[in-house]
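> After the sequence you'll find the predicted model.
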Amino acid sequence: MFTYNLTSSNLNYMKCVICGRPMRSVHEQHNAEPVAQGVCCDWCNVMQVIPKRLEQHKHIINTISL
């Protein structure tokens, strides 16, 4: 998500809450939970968020007795 400032002609992009990199498209924004609150970039989603989610799900599955 970005805003357009007509007085300065600068685009203000949202930044990844994990690495601080600007995200230029809504397609680059991902829910950063459980690593952080807010949105993260593609790179942090793949390298940090998804592995953390899989780790949490694995723990839940291992604690369930079937």
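Great, that's in hand.
> mind listing what the residue nearest in space to the middle of the chain touches?
Residue closest to the mean C-alpha point of the chain, counted by C-alpha atoms, centre = their mean, is residue 40 at 2.2 Å. Counting by C-beta atoms under 8 Å, 6 or more residues apart in numbering, residue 40 makes contact with 16-19, 29-32, 48-49. Heads up, the C-betas are built off the backbone N, CA and C, glycines and all.
> so which of the residues you listed is the most crowded?
Tallying neighbours with other C-beta atoms under 10 Å puts residue 16 at the head of the contacts of residue 40, with 23 neighbours.
> Distance to residue 57, secondary structure and pLDDT for the contacts of residue 40 - can I get that in CSV?
Listed next are the contacts of residue 40 as CSV, based on distance: C-beta to C-beta, whole Å; DSSP: H, G, I helix; E, B strand; the rest coil; pLDDT from 0 to 100:
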residue, distance to residue 57, secondary structure, pLDDT
16, 23, coil, 96
17, 22, coil, 97
18, 20, coil, 97
19, 24, coil, 97
29, 22, coil, 94
30, 17, strand, 96
31, 15, strand, 96
32, 17, coil, 97
48, 15, helix, 98
49, 13, helix, 98
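> can you map out the strands along the chain?
Remark: strands assigned in the chain by DSSP state E are 2-5, 10-15, 22-23, 30-31, 39-40.
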